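>>> Give me coordinates for this.
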Amino acid sequence: MSDPTLPPVQIGLETCCEAPPELLRRTRGFGLLCNQASVDRSFRHAPEVLHARFPGKLKALFGPQHGLWSTEQDNMIETGHGTHARLSVPVHSLSSETRKPSQQMLDGLDALVVDLQDTGTRVYTYIWTLTHCLEACAQKGIPMLVLDRPNPVGGEAAEGPLLDLEYRSFVGRAAIPMRHGLTIGELARFCNDSMGLGADVQVVPMRGWRRSMLWPDTGRAWVPPSPNLPRWEGTLVYPGQVLLEGTNLSEGRGTTVPFEQCGAPFVDPWQLLTFLSTRGLQGVALRPVQFEPTFQKWHGKGCGGLFLHVTEPRAFHSYRTTLALLRAVHELWPQHFAWLQPPYEYETVKMPIDILAGGPEVRAFVEGERPWSQLDALAATAPDWWQRARRFLLY
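Take a look at the predicted model:
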C-alpha cells in the first residue's frame, strides 16, 4: 500500500509542464506518441495537457498498438490514421501498414515526445514502437523527449533470460529479460545505445519514484494502458502469463481478468492445482476456476483453470510460475495441449512461443526435453543484467 505521508509520484508529463525542458521551450513544433493511459494526476489526456502548456506547438499525434484510445485487441489488429477531433492535428497510427514513423510523418517537427505507460515486460510492444521511433528520429535528425512513468512492477527485480537476438521480433528487439526492471525512459536510453540507433534521446525524469516501489506505492490511480490489463494486478502475472499467448490455453482474454486467470475446456482445475502444489510456487495462491471467454480462444466454451492471486508480490516469480503451469498442463493433458502456430505479431516462420520466450528453451522444457530440475535456471535472468543496465538507470 502507498504511504499516506508521502506525496504521489510526479510523472514526467507533470514535471515537463512544471519546469519545461529547453527542448520544448525553443521548439516550433513537436509530435507526441501516447495513448489513452497517458494522463496526468487529474486524468487529463497528455495531448490536451501539452497543447495547453505549449500553445500551437503540438503538430501531430502518434498511436502505438491498440490505437490512440486503446480500442483494438492484440496481434496484428491494425488501426487507421485519422485526425484528433478536438485539437485538429493528424493522428498517425504506428499499428497500421507501418510500425515505424515515415519521414513524411515527421515533417515539420522539431522533436518527438513520448508519453507511454509501460508494463515492465519485454514483450509489451510499446517499448519496441519507441525503438522504431528512435530510428526514425535519428534518420530525420530530430531529438526524442521521453516523459518518464513508473514501472508498475518495480525497478529491483528481473525475471527470465535475455532475448536471443536470433529470435528478435515486434515482441522483442533488444537483449533484455522478460521482466526487465527499467522505466520506459531508462529503456529508451538502454535500447538507443545497445541497438546502436544513434538518436538524441532525452528523458524528463519522475520525482519521488524509487526502484522499490510497486504501483500502489506510487499513490497514483491505475489507468489501463491496453485493453487486457484493466487491473494493476494483471501486470504482476503478465511477465509469465503472456507466454500462454503461444499456446492453445486461454490467457483469460474475453474475460474481465485477463492473464490473472487461464485455462481450457480440457483442464481439470483441481488436478492441475494438486500437481502444482509440489512445485514450490511462492507468493501466489492458485484458485480453481471455471470461466467462459466471450471472444478469442475457446470463445463461448466453458474452461477449467486457475486464478493467480499474488499474495506476496516481492516473493512472487511470474515467469517461474507460468513455466511450471505450462509443463504441468503438458504432462497432464499431452493429447490436448498445443502450441499456437504462426503468424504471430508479424512473425510468419518462428513459433510464437519461441519469440515470446526469446528462444527455444521454454518449448523444450514444457515438452519434457529438459528436467524439472532446470526450472529455476530457466526462470533466472542473466547474472550480468543489472551490470549492463546500470549506466542507463535514472533512479
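>>> And the residue nearest the centre of this protein?
Y124 (2.9 Å; CA atoms, centre = their mean).
>>> Which residue, neighbours along the chain excluded, lies closest to that residue?
The shortest distance from Y124 to any non-neighbouring residue, by CB to CB, 6 or more residues apart in numbering, is to D118 (6.2 Å). For the C-beta atoms, the positions are set from N, CA and C on the backbone; glycine is no exception.
>>> Tell me the predicted confidence for that neighbour.
If you check D118, the pLDDT there is 98.
>>> S95 too?
At S95, pLDDT is 89.
>>> list the contacts for it?
Residues counted as contacts of S95 (CB atoms under 8 Å, 6 or more residues apart in numbering) are G63, P64, Q65, H66, G67, E72, I77, E78, T79, T129.
>>> Quick check: the farthest pair among those?
I77 and T129 (14.8 Å; CB to CB).
>>> Comparing these two, which residue is more hemmed in?
T129 (23 against 12; other CB atoms under 10 Å).
>>> who are the neighbours in contact with the more buried one?
T129 neighbours (CB under 8 Å, 6+ apart): L33, P64, Q65, L94, S95, R99, L116.
>>> Now Q10. Its backbone dihedrals?
In terms of degrees, to the nearest 10, the main-chain angles of Q10 are phi -90, psi 120.
>>> For the closest residue in space to it that isn't next to it in sequence, give its distance to Q374.
Leaving aside its sequence neighbours, Q10 sits nearest to R207 (CB to CB, 6+ apart; 4.0 Å). To Q374, R207 is 43 Å away according to CB to CB, to the nearest Å.
>>> Then Y238?
23 Å.
>>> cool, and N248?
From N248 to Q374 the distance is 24 Å (CB to CB).
>>> What of T322?
15 Å.
>>> of the two, who's got more company?
T322 (26 against 14).
>>> quick one, what contacts the more buried one?
V237, G240, Q241, L243, L244.
>>> Show the buried residues in those residues.
V237, G240, Q241, L243, L244 (16 or more other CB atoms under 10 Å).
>>> quick one: the strands in this structure?
30-34, 58-63, 82-83, 90-93, 111-115, 144-147, 201-204, 261-264, 284-291, 303-310 (DSSP state E).
>>> Contacts only, for D110.
T27, R28, G29, F30, I142.
>>> Excluding sequence neighbours, find me the nearest residue to it.
In space, D110 is closest to T27, 4.2 Å off (CB to CB, 6+ apart).
>>> Please tell me I have it right and that neighbour contacts V113.
No - look at T27 against V113 with CB atoms under 8 Å: they stay out of range, at 9.4 Å.
>>> higher neighbour count, these two?
Taking neighbours as other CB under 10 Å, T27 and V113 compare with V113 leading, 30 against 19.
>>> all helices for the chain, in order.
12-18, 22-26, 46-53, 126-140, 184-194, 232-241, 269-276, 318-332, 352-357, 361-366, 375-379, 385-389 (DSSP state H).
>>> got these as a markdown table, with distance to W215 and mean pLDDT columns?
Shown next, in a markdown table, are the helices of the chain (distance: least, CB to CB, whole Å; pLDDT from 0 to 100):
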| stretch | distance to W215 | mean pLDDT |
| --- | --- | --- |
| helix 12-18 | 16 | 97 |
| helix 22-26 | 28 | 95 |
| helix 46-53 | 19 | 98 |
| helix 126-140 | 16 | 98 |
| helix 184-194 | 14 | 98 |
| helix 232-241 | 5 | 98 |
| helix 269-276 | 26 | 98 |
| helix 318-332 | 15 | 98 |
| helix 352-357 | 23 | 98 |
| helix 361-366 | 27 | 98 |
| helix 375-379 | 22 | 97 |
| helix 385-389 | 21 | 98 |
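>>> Dump the ones you listed to JSON lines, plus distance to L214.
Formatted as JSON lines, the helices of the chain follow (distance: least, CB to CB, whole Å):
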{"stretch": "helix 12-18", "distance to L214": "19"}
{"stretch": "helix 22-26", "distance to L214": "31"}
{"stretch": "helix 46-53", "distance to L214": "23"}
{"stretch": "helix 126-140", "distance to L214": "19"}
{"stretch": "helix 184-194", "distance to L214": "16"}
{"stretch": "helix 232-241", "distance to L214": "8"}
{"stretch": "helix 269-276", "distance to L214": "24"}
{"stretch": "helix 318-332", "distance to L214": "13"}
{"stretch": "helix 352-357", "distance to L214": "24"}
{"stretch": "helix 361-366", "distance to L214": "26"}
{"stretch": "helix 375-379", "distance to L214": "20"}
{"stretch": "helix 385-389", "distance to L214": "18"}
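>>> hmm, back to that, using TSV, please lay out the contacts of D110 together with distance to L187 and pLDDT.
Below are the contacts of D110 laid out as TSV (distance: CB to CB, whole Å; pLDDT from 0 to 100):
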residue	distance to L187	pLDDT
T27	23	95
R28	28	95
G29	26	97
F30	21	98
I142	20	98
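>>> Name the nearest of those relative to P7.
Nearest member of the contacts of D110 to P7, counting by CB to CB, is F30, at 28.5 Å.
>>> re the thing from before, kindly reformat the strands of the chain as TSV containing distance to L356.
As requested, the strands of the chain are arranged in TSV below (distance: least, CB to CB, whole Å):
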stretch	distance to L356
strand 30-34	24
strand 58-63	23
strand 82-83	31
strand 90-93	24
strand 111-115	24
strand 144-147	25
strand 201-204	27
strand 261-264	14
strand 284-291	21
strand 303-310	18
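>>> mind checking which of those strands is nearest D354?
Closest among those, once you apply CB to CB, is strand 261-264, at 19.7 Å.
>>> by contact count, what packs against that closest one?
strand 284-291, strand 303-310 (3 or more CB pairs under 8 Å, 6 or more residues apart in numbering; DSSP states H and E).
>>> just those strands: most buried one?
strand 303-310 (a mean of 22; mean count of other CB atoms under 10 Å).
>>> Show residues contacting that strand.
Contacts for strand 303-310 (CB under 8 Å, 6+ apart): 233, 236-237, 241, 249-250, 257, 260-269, 272-273, 276, 283-293, 316, 321, 325.
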